[in-house]
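>>> Task: produce atomic coordinates for the following.
(one chain, ligands or ions: 1)
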Amino acid sequence: MTDKYYLIQEDAHQERVQLPVKRPVQGPLAVDVTKLYRNQGLFTYDPGFMSTASCESSITYIDGEAGILEYRGYPIEQLAAEADYIEVAYLLLYGELPNGEQLREFDDIITYHTMLNENLKDFFGGFHYDAHPMAIMVGVVGSLSAFYHDSLDINNPRHREISAHRLIAKMPTIAAASYKHNVGEPIIYPDNDLSYCANLLKMMFATPCEPYQAHPIAVQALNLLFILHADHEQNASTSTVRLAGSSQANPFACLAAGIASLWGPAHGGANEAVLNMLTEIGDVSRIDRYIAKAKDKKDPFRLMGFGHRVYKHYDPRANILREMCRTVLEELADSNNPMFELALRLEEIALKDDYFLARKLYPNVDFYSGIIYRALHIPNNMFTVMFAIARTVGWVSHWMEMMSDPLQRIGRPRQVYMGSPRRDFVPLDQR
Ligand code: ACO
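So this is what the prediction gives:
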């Protein structure tokens with residue numbers, strides 16, 4: 001950390017304050033304001049965390065201006081082309097790519113934690129038949145802390161690791177059971193002979209009546225989607241997990257909070273919203289009308305799957321997914337192609353439009369993920385659930401990093417109070 005002088009101005013009042021500066025391995029310098037209030041009696045004001053780094057992290061690096069995303073230093077393009085999701089999960093969790101033996105051992109651990117406590121099945125039955133699967137996920141993941149007491153000592157690193165393994169392993173089982181409840185079919189148990197993604201597809205689409213084998217392209221596409229969604233540094237849901245965890249809450253409760261945050265259409269819910277939007281647009285001839293709506297400040301409509309808080313350039317994940325989208329539609333060719341054509345055309349028109357150019361609004365990861373999910377016959381209301389499964393490793397990696405960080409303390413932002421000044425209570429009969 002180096003010290004620098006920064007000028008703070010307020011109306012006529014000017015003061016030079018010496019503040020420490022953190023130098024990251026990559027990315028902009030960060031002015032450390034932690035002692036600003038104690039020493040100067042000043043707060044910083046940054047709603048939405050536009051310029052605020054909330055922690056130090058060694059997991060994921062993003063350069064939004066250049067469209068760069070790296071997990072533990074490895075470019076997302078290389079991981080997407082070469083790696084398996086479980087390998088990437090190991091990398092995020094432990095910081096290094098596994099060797100053959102480490103990978104086999106990790107794969108075994110995840111595989112043999114996929115089953116749920118049998119009593120958990122009763123929870124699913126308590127939900128209304130048409131409950132959104134994300135509502136079920138929030139409830140059931142939160143309830144895991146009632147079942148796995150043996151790994152709940154958050155100050156014990158081994159307990160933290162076991163909880164992380166359980167969450168990564170059980171999330172697909174919970175997700176598939178949420179879906180089965182929603183469609184009124186019996187829950188399918190995990191199959192330990194299958195890979196992480198093939199197992200998920202089987203638990204979702206098999207029935208006890210017939211044999212089921214997932215299409216290899218579907219497994220490959222899911223593996224890619226999961227790698228791309230595995231982590232994205234301090235996004236809203238990850239920050240939620242960290243904030244919940246900063247009060248020493250247990251990891252299952254923290255993950256339930258993260259899932260709730262992911263559900264919103266401005267975050268993980270965007271992939272579902274993109275498909276709904278493309279369905280509503282319906283035809284290339286109607287694109288101009290929707291572009292105009294997106295630009296109209298009086299209209300709340302936004303082009304879903306466009307724009308990103310960090311990327312002011314093409315989201316590198318969207319580039320990779322556009323190609324996979326083409327492959328999936330060619331290999332599993334069905335009536336989904338018109339949706340892809342519509343998306344390509346919409347992207348082309350938006351990227352020539354001054355409104356989108358001036359604001360640096362490019363397609364994000366979710367612009368194409370929904371089309372792929374639909375081609376895999378995954379229903380719209382499961383899109384965000386798929387995202388939650390993939391992001392679980394990111395959430396637990398950040399939670400583990402935070403829990404072993406000596407600088408970690410409860411997250412407690414301050415505020416700029418704009419309410420009434422002090423006043424005296426007025427009795428009811430005098431109001
Ligand atoms: N359509 C139309 N206009 C947009 C869009 C959009 N999708 N996104 C941003 N804008 C406009 C805003 O109206 C604003 O315009 P102004 O400067 O004239 O007021 C400007 O672009 C900047 O937008 P902000 O909302 O300030 O940007 P912010 O960083 O707060 O929001 C967000 C980012 C939430 C992703 C936003 O772009 C959005 O709502 N996009 C659509 C939803 C979406 O795709 N979310 C997925 C994000 S990726 C993920 O979570 C995995």
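
>>> which residues touch stretch 45-63?
Residues outside stretch 45-63 that contact it (C-beta atoms under 8 Å, 6 or more residues apart in numbering) are 22, 25-27, 30, 44, 68-73, 92, 95, 231-234, 239, 242, 309-311, 394, 397-398, 401-402, 405, 407, 411, 416. (Glycine included, C-beta is placed from N, CA and C.)

>>> and it, what's its mean pLDDT?
The pLDDT scores in stretch 45-63 average 96.

>>> Between the two ends of that stretch, how far is it?
The straight-line separation of the ends of stretch 45-63 (C-alpha to C-alpha, to the nearest Å) is 23 Å.

>>> Equivalent analysis for stretch 65-85, please.
27 Å.

>>> and it, which residues are buried?
Judged by neighbour count (16 or more other C-beta atoms under 10 Å), stretch 65-85 contains these buried residues: 67-72, 74, 76, 79-80, 83-85.

>>> same question, stretch 189-203
Across stretch 189-203, burial judged by 16+ other C-beta under 10 Å covers 189-190, 194-203.

>>> closest to Cys254 among the buried residues of stretch 65-85?
Using C-beta to C-beta, Tyr71 comes nearest to Cys254 of the buried residues of stretch 65-85, at 20.9 Å.

>>> residue contacts, Pro265?
The contact partners of Pro265, by C-beta under 8 Å, 6+ apart, come to 272-273, 304.

>>> Actually, Gly258.
237-238, 240-241, 244, 391, 395.

>>> of those residues, buried ones?
237-238, 240-241, 244, 391, 395.

>>> ok, back up a step: closest to Ser151 out of the buried residues of stretch 189-203?
So of the buried residues of stretch 189-203, ranked by how close each gets to Ser151 (C-beta to C-beta), first place is Pro190, at 19.3 Å.

>>> and the gap between the closest one and Pro363?
As judged by C-beta to C-beta, to the nearest Å, Pro190 and Pro363 stand 34 Å apart.

>>> Please apply the same query to Ala177.
For Ala177, the distance to Pro363 (C-beta to C-beta) stands at 32 Å.

>>> In the chain, which residue sits closest to the ligand?
Gly307 (2.3 Å; C-beta to the nearest ligand atom).

>>> Let me see the contact set for that residue.
359, 361-362, 364.

>>> Give me the subset of those residues lying in strands.
Assigned to strands by DSSP state E, none of the contacts of Gly307 qualify.

>>> Which parts of the protein are strands?
In the chain, the strands defined using DSSP E lie at 2-10, 13-22, 30-31, 60-63, 68-71, 74-75.

>>> what mean pLDDT does the longest one have?
Averaging the model's pLDDT scores along strand 13-22 yields 82.

>>> Direction included, what does that strand pair against?
Using DSSP bridges, the strands paired with strand 13-22 in its sheet are strand 2-10 (antiparallel), strand 30-31 (antiparallel).

>>> Keeping just the C-alphas, turn that strand into CSV.
Taking Å, rounded to 0.1, in the frame of the first residue of the first chain, the C-alpha atoms of strand 13-22 are listed here in CSV:
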residue,chain,number,x,y,z
HIS,A,13,-14.2,24.3,2.5
GLN,A,14,-11.1,22.7,1.1
GLU,A,15,-8.9,20.2,2.8
ARG,A,16,-6.0,18.0,1.8
VAL,A,17,-6.3,14.6,3.2
GLN,A,18,-3.6,11.9,3.1
LEU,A,19,-5.2,8.6,2.2
PRO,A,20,-3.6,5.2,1.6
VAL,A,21,-3.9,3.6,-1.9
LYS,A,22,-4.2,-0.1,-2.6
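
>>> Show me where the stretch 201-350 of the chain dips below the pLDDT cut-off.
By pLDDT under 70, the low-scoring segments of the stretch 201-350 of the chain are 333-337.

>>> Within range of the ligand, give me the residues from it.
When proximity is defined as C-beta under 6 Å from any ligand atom, the stretch 201-350 of the chain approaches the ligand at 266-268, 270, 294, 302-309.

>>> Most neighbours among those, which one?
Most neighbours among those, by other C-beta atoms under 10 Å: Gly305, with 29 neighbours.

>>> circling back to that earlier point, which one among the buried residues of stretch 65-85 gets closest to Arg158?
Using C-beta to C-beta, these come closest to Arg158 at Arg72, 22.1 Å.

>>> Model confidence for the closest one, exactly?
pLDDT at Arg72 comes out at 98.

>>> give the contact list for it.
So Arg72 contacts 58-60, 91-92, 95-96 (C-beta under 8 Å, 6+ apart).

>>> now Asp191
Contacts of Asp191 by C-beta under 8 Å, 6+ apart are 199, 202-203.

>>> Give me the phi and psi for it.
When read as degrees, to the nearest 10, the backbone of Asp191 gives phi -120, psi 110.

>>> And the pLDDT for it?
So, for Asp191, pLDDT stands at 96.

>>> ok, now how distant is it from Leu19?
As for Asp191, its distance to Leu19 is 56 Å (criterion: C-beta to C-beta).

>>> Then Glu101?
Distance of Glu101 to Leu19, computed by C-beta to C-beta: 47 Å.

>>> Same check on Arg289?
For Arg289 relative to Leu19 (C-beta to C-beta), the value is 50 Å.

>>> More neighbours: which of those two?
Legend: neighbour count by other C-beta under 10 Å for Arg289 and Leu19, higher for Leu19 (17 against 9).
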